[in-house]
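S.K.: Could you work out the structure for the sequence below:
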Amino acid sequence: MSLVRLNIKGISYSQTQNGAYALILNEVDGDRKLPIVIGAFEAQSIAIALEKEIRPPRPLTHDLFKNFADRFDIVVKQVIIHKLVDGVFYSSLICERDKIEEIIDARTSDAIALALRFQAPIFTYKNILDKAGIYLKVNPKKEDDEEQDSILVDDLIVEEIEAASAEQEGYKNKSLEELNELLNEAVNNEDYEKAAKVRDEISKR
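M.R.: Here you go, the predicted model:
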């Protein structure tokens, strides 16, 4: 079975499961998306790894794993999403130590959080992407009822961006000193989503 490389397109709050998020993986050499439902903690951990400039005051679980692995010369070479059963994705970490390769079972959300920290590529098998992959459906000629049937996770990401933009407007009225105080407060409270938004406004200044 051939492997297909994926990258991370974004994270969206899940409209169907309370407290869950949708992680969107994008086919590198194609247009298909692979949506995976993950928990809030894992979503936060992935978001922090994507936001290189935000450093939590204490290491999160995945940061601890990375520090532990570095100390003992263990490297995560790649992540493979290798199985899909009843809507649940199964993944493996391909690790290496002293030129000996080991395969470790992992939840997909944990595997991706670690892949980001090790800058390791993410793969899945073509048959999984054929089964669970989705396409962006953009066709203005379709009737409204048909369009509702084709609402995809990408639409949810747009909603999140619009909501974030509204919140961002509130930061424009604050001084640079107030923004820095907000940033420190958000990081100390481990509200990294808010910290990212405040940091973006500071960067614009």
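
S.K.: Hmm, Ala43 and Ile112 touching each other?
M.R.: No: counting by Cβ atoms under 8 Å, Ile112 does not reach Ala43; the two are 10.3 Å apart. All C-beta spots, glycine's among them, are computed from the backbone N, C-alpha and C.

S.K.: what sits in contact with each of those two?
M.R.: Leu23 (Cβ atoms under 8 Å, 6 or more residues apart in numbering).

S.K.: Of the two, which one has the most company?
M.R.: Between Ile112 and Ala43, counting by other Cβ atoms under 10 Å, Ile112 is the more crowded of the two (28 against 23).

S.K.: Next, give phi and psi for the more buried one.
M.R.: Taking degrees, to the nearest 10, you get phi -70, psi -40 for the backbone angles of Ile112.

S.K.: Next: the one 4 residues further on.
M.R.: When quoted as degrees, to the nearest 10, the phi and psi of Leu116 stand at phi -60, psi -40.

S.K.: Counting neighbours, what do you get for the closest residue to it other than its chain neighbours?
M.R.: Closest residue in space to Leu116, ignoring its immediate chain neighbours: Ala49 at 3.7 Å, by Cβ to Cβ, 6 or more residues apart in numbering. Using other Cβ under 10 Å, Ala49 has 22 other residues around it.

S.K.: helix, strand or coil for Ala49?
M.R.: helix (DSSP: H, G, I helix; E, B strand; the rest coil).

S.K.: Could you measure from it over to Val4?
M.R.: Using Cβ to Cβ, to the nearest Å, we find Ala49 at a distance of 22 Å from Val4.

S.K.: Check Lys77 too.
M.R.: 17 Å.

S.K.: okay, the two: which has more neighbours?
M.R.: Neighbours per residue, other Cβ under 10 Å: of Lys77 and Val4, the larger number sits with Val4, 23 against 14.

S.K.: element containing the more buried one, please.
M.R.: In this assignment (DSSP states H and E), Val4 forms part of strand 3-13.

S.K.: Give me the residues contacting that strand.
M.R.: 21-30, 33-34, 43, 46-47, 50, 80-81, 112, 116, 121-126, 129, 153-154, 156-157, 159-160.
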